[in-house]
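Colleague: got a sequence here, can you build the structure:
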Amino acid sequence: MRRHELTEREWQLIQPHTLGQAGTAGGTGRDNRHFVNAVVYRVRTGCAWRDLPERFGPWNTVARRFRRWALAGVWESLFQAVQEPDYAWVLVDSTTVKAHKAAAGQKKARPRPKA
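Modeller: Numbers count the residues shown, from 1 in each chain. From the prediction side, this is the model:
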């Protein structure tokens with residue numbers, strides 16, 4: 001495994017969310033893991049599409065496939081799949097907060113009728 005490639009555990013986590021799997025409708029991707037590794041390489045190094053190493057294939061093919069996946073919502077799905085809930089923001093507290101009586105929409109005092 002190379003430095004910027006997915007581990008087996010990472011791949012097993014995102015693999016069900018990829019497009020072009022065998023047994024599904026539509027075209028079958030030649031190697032989804034290889035493509036995702038190309039995208040990960042680009043993101044981690046910050047290089048331009050044209051500067052992708054040749055081992056990932058033609059840069060234009062990778063860029064067009066990336067765009068198709070983006071339009072299909074695959075990257076959003078992958079992002080949701082790898083997120084772990086952040087329990088630091090969950091807070092359960094039993095205290096009560098009293099609002100000012102003006103916050104409850106208290107009726108305004110009517111002017112007294114003149115006699």
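
Colleague: give me the most central residue, this structure.
Modeller: Nearest to the mean C-alpha position of the chain, by CA atoms, centre = their mean, lies F79 at 2.9 Å.

Colleague: wait, L52 touches W59, no?
Modeller: Yes: with contact taken as CB atoms under 8 Å, L52 and W59 are classed as touching, separated by 4.7 Å. For glycine as for every other residue, the C-beta is placed from the backbone atoms N, C-alpha and C.

Colleague: OK, contacts around the residue nearest to the centre of the chain?
Modeller: By CB atoms under 8 Å, 6 or more residues apart in numbering, no residues touch F79.

Colleague: so where do the helices sit in this structure?
Modeller: 8-14, 32-45, 59-72, 74-82 (DSSP state H).

Colleague: make CSV out of the ones you listed and add distance to H100.
Modeller: Shown next, in CSV, are these (distance: least, CB to CB, whole Å):
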stretch, distance to H100
helix 8-14, 49
helix 32-45, 50
helix 59-72, 49
helix 74-82, 41
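
Colleague: quick one: which of those is nearest A88?
Modeller: Smallest distance to A88 across these (CB to CB): 17.9 Å, for helix 74-82.

Colleague: circling back to that earlier point, figure out which of the helices of the chain is closest to R110.
Modeller: Distance to R110, taken as CB to CB, is lowest for helix 74-82 among these, at 55.2 Å.

Colleague: what is the mean pLDDT for that closest one?
Modeller: Averaged over helix 74-82, pLDDT sits at 84.

Colleague: that one versus helix 59-72: what angle between them?
Modeller: Counting by axes from the mean of the first three to the mean of the last three CA atoms, to 10 degrees, helix 74-82 lies at 70 degrees to helix 59-72.

Colleague: now helix 74-82 - C-alpha only, PDB.
Modeller: Output of helix 74-82 as PDB, limited to C-alpha atoms (Å, rounded to 0.1, in the frame of the first residue of the first chain):
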ATOM      1  CA  VAL A  74     -21.800   9.700  -4.400                       C
ATOM      2  CA  TRP A  75     -19.200  11.900  -2.600                       C
ATOM      3  CA  GLU A  76     -21.900  13.200  -0.200                       C
ATOM      4  CA  SER A  77     -22.900   9.600   0.500                       C
ATOM      5  CA  LEU A  78     -19.300   8.600   1.100                       C
ATOM      6  CA  PHE A  79     -18.900  11.600   3.400                       C
ATOM      7  CA  GLN A  80     -21.900  10.600   5.400                       C
ATOM      8  CA  ALA A  81     -20.700   6.900   5.600                       C
ATOM      9  CA  VAL A  82     -17.300   7.700   7.100                       C
END
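
Colleague: sounds good, over and out.
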